[in-house]
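# test case, fold it:
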Amino acid sequence: MTKKAAPDLRKPLMAPGGTSKKDTGAYQKMPDLRKPLIALGGTSKQDTDAYQKMPDLRKPLIALGGTLGLVVLVVLLFSSTPATAISYLLAGPLMSSLALGNTLALAARLALAGLAASLAFSAGNFNLGGEGQALAGGLAGAAVALGLPNLPPFIAPLTAAAAGMLAGAALGAVSGFLRVRWQVDELISTFLISAAAAPAAHVLLSGPLKDSSSYLIAAPALGESYRLSAWLPPSRLGPVILWVIPAVLLIHFFLSRTLKGFEWRVCRANREFARYGGIRNGRIIFHSLLLSGALYALAGSAALLDSGQAVQGFTGGLGWNGLAVALMASSRPLRVPLLALAYAWLLQGSQAALLHTDFPYALGGLVQGMIFILVTLGRTSQ
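Sure, this is the predicted structure:
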């Protein structure tokens, strides 16, 4: 059956009311945006089916497989016990209930951070402030736990998480405002604000929030009402893993089944075209960075509630690792949990090999670096 050709949408969007030579020239230079609109998903079942069939997992799997292959090669070259190191690398997360539980708990936090970065991608933005936003979320939760120690057990962790999300949303909103008001690149603003968060956290943990009975740079341990139940003791696995499911489903529904989500995807595909269509790009940019910051902060709050105490570095790596997961997921929220689990497996396997063999310490960073390189190469080759 012959498919009906998609209509040429350039003419209806010719600079509204524009009759000057400049407007006509701008119109003639406009690209044919029929294919990007079909990719974004239309109102017909045929267009929606085409959109759902487009993504495939070959590129993220190539990135993960390439990273694993390179790590194995380095181990074979530099380890005196390569067989033992590789066995811990591949099966380390399964060798005890502690390792398995911590791997799943890490995967849950990485999924939340990956969703945060992916949400910004979905509107055509790039949030590099995940580290600072996660840290702000964790510290805000710790401050609430100190200030309100007697909240009921069910309400207490939710209150800490909500306070954390507000703190992360505030940082994201600053970058969104700068982008909309003065066209400050969000790559720069999110990164610089995040860089300022680390020393600010050090001041708080060594000053107003410091536990006077501890030699660590840390806040006091959370009260019993803020502690999440441990599902697989002595690991940190707990209810945080259930937070991922509604977050993934809500974001997927918003992006693929709502008018606002469609506008976000049009804004990502071509902001000039979105502007011609009457879409308010500024609002989308602002809201995407605000919500991305809130989700990063939720991941930071999860790190606090999992560990039970805000110690210096307790959210370390969530920003960049979440960004790696989002790059592999390529703005598809349904991919995020599986890829977060695979990435957490690689990280925890590397840590197990490091602890039990002469596995090079630098290979932990190599895993993250290779993911970035391979995913970026895949994107630039499109």
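# the stretch 201-350 of the chain: strands as residue ranges?
In the stretch 201-350 of the chain, no strands are defined using DSSP state E, counting those that start in this stretch.
# shaky segments in it?
Filtered on pLDDT under 70, the stretch 201-350 of the chain yields no residues whatsoever.
# which stretches of it form helices?
240-257, 259-269, 271-276, 281-307, 318-329, 336-356 (DSSP state H, counting those that start in this stretch).
# buried ones in the first one?
The reference is to helix 240-257. V240, I241, W243, V244, A247, V248, I251, H252, F254, L255, S256 (16 or more other CB atoms under 10 Å). (Each C-beta comes from the backbone N, C-alpha and C, glycine too.)
# need the helices of the stretch 201-350 of the chain in JSON lines with distance to L178, can you?
Formatted as JSON lines, the helices of the stretch 201-350 of the chain follow (distance: least, CB to CB, whole Å):
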{"stretch": "helix 240-257", "distance to L178": "24"}
{"stretch": "helix 259-269", "distance to L178": "18"}
{"stretch": "helix 271-276", "distance to L178": "17"}
{"stretch": "helix 281-307", "distance to L178": "9"}
{"stretch": "helix 318-329", "distance to L178": "19"}
{"stretch": "helix 336-356", "distance to L178": "27"}
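# I217 is nearest to which of those helices?
helix 281-307 (14.2 Å; CB to CB).
# quick one: N127 is in a helix?
No - if the criterion is DSSP: H, G, I helix; E, B strand; the rest coil, then N127 is coil and not within a helix.
# the residue lying closest to it once chain neighbours are set aside: which element?
Counting by CB to CB, 6 or more residues apart in numbering, A120 is the residue found nearest to N127 once chain neighbours are left out, at 4.1 Å. Using DSSP states H and E, A120 maps to helix 97-122.
# quick one: mean pLDDT for that helix?
Per-residue pLDDT values over helix 97-122 give a mean of 96.
# right, and the helix or strand after that helix?
Taking DSSP H and E, what comes next after helix 97-122 is helix 130-147.
# one step back: widest-spaced pair of the buried residues of helix 240-257?
For the buried residues of helix 240-257, the farthest-apart pair by CB to CB is V240 and S256; their separation is 25.3 Å.
# need the residues that contact the strand or helix carrying A200.
Using DSSP H and E, A200 falls within helix 186-205. Under the criterion CB atoms under 8 Å, 6 or more residues apart in numbering, residues 125-133, 135-136, 139, 171-172, 174-176, 178-179, 217-219, 285, 289, 310-312, 319 lie in contact with helix 186-205.
# could you rerun that using 7 Å?
125-129, 131-133, 135-136, 139, 171, 174-175, 178-179, 217-219, 289, 310, 312, 319 (CB atoms under 7 Å, 6 or more residues apart in numbering).
# how far does stretch 146-155 sit from its chain's centre?
Mean-position distance between stretch 146-155 and its chain equals 28 Å (CA atoms, centre = their mean, to the nearest Å).
# who touches it?
In contact with stretch 146-155 (CB under 7 Å, 6+ apart) are residues T159, L209, A219, P220, G223, S225.
# out of those, which is most surrounded?
A219 (26 neighbours; other CB atoms under 10 Å).
# how close does that residue get to V144?
A219 sits 11 Å away from V144, going by CB to CB, to the nearest Å.
# ok, now I284?
Remark: distance between I284 and V144 (CB to CB) = 31 Å.
# mind checking which of these two has more residues around it?
Of the pair I284 and V144, I284 is the one with more neighbours under other CB under 10 Å, namely 25 against 22.
# returning to what we had before: check the offset of the helix holding A120 from the chain's centre.
8 Å.
# burial count for V311?
19.
# OK, contacts around it?
L216, A218.
# begin at 234, not 1, for the rest of this chat.
Let's use 234 as the start, then, which means that last one is V544.
# buried set for the helix holding A353?
332-355.
# on that earlier part again, do you know how far the residue nearest to N360 is from I421?
14 Å.
# and L381, by the same measure?
Distance of L381 to I421, computed by CB to CB: 36 Å.
# who has more neighbours, the two?
L381 (16 against 13).
# distance check, the more buried one against G374.
Using CB to CB, L381 is found at 11 Å from G374.
# swap in A344?
Counting by CB to CB - A344 and G374 are separated by 19 Å.
# returning to that earlier point: which other helices and strands contact the helix holding A353?
helix 363-380, helix 473-490, helix 492-502, helix 514-540, helix 551-562, helix 569-589 (3 or more CB pairs under 7 Å, 6 or more residues apart in numbering; DSSP states H and E).
# let me have those in TSV, adding distance to L323 as columns.
Converted to TSV, the helices and strands packed on helix 330-355 look like this (distance: least, CB to CB, whole Å):
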stretch	distance to L323
helix 363-380	28
helix 473-490	23
helix 492-502	37
helix 514-540	25
helix 551-562	19
helix 569-589	6
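# and of the ones you listed, who's closest to T609?
Of all those, helix 551-562 comes closest under CB to CB, at 7.4 Å.
# please list the outside residues in contact with the closest one.
Outside helix 551-562, the residues that touch it by CB under 7 Å, 6+ apart are 293, 296, 342-343, 346-347, 349-351, 354, 363-364, 367, 427, 529, 532-533, 536, 568-569, 572-573, 576, 601, 604-605, 608.
# could I have the buried ones of these as ChimeraX selection syntax?
Selection of buried members from the contacts of helix 551-562 for ChimeraX, criterion 16+ other CB under 10 Å:
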select :293,296,342,343,346,347,349,350,351,354,363,364,367,427,529,532,533,536,568,569,572,573,576,601,604,605,608
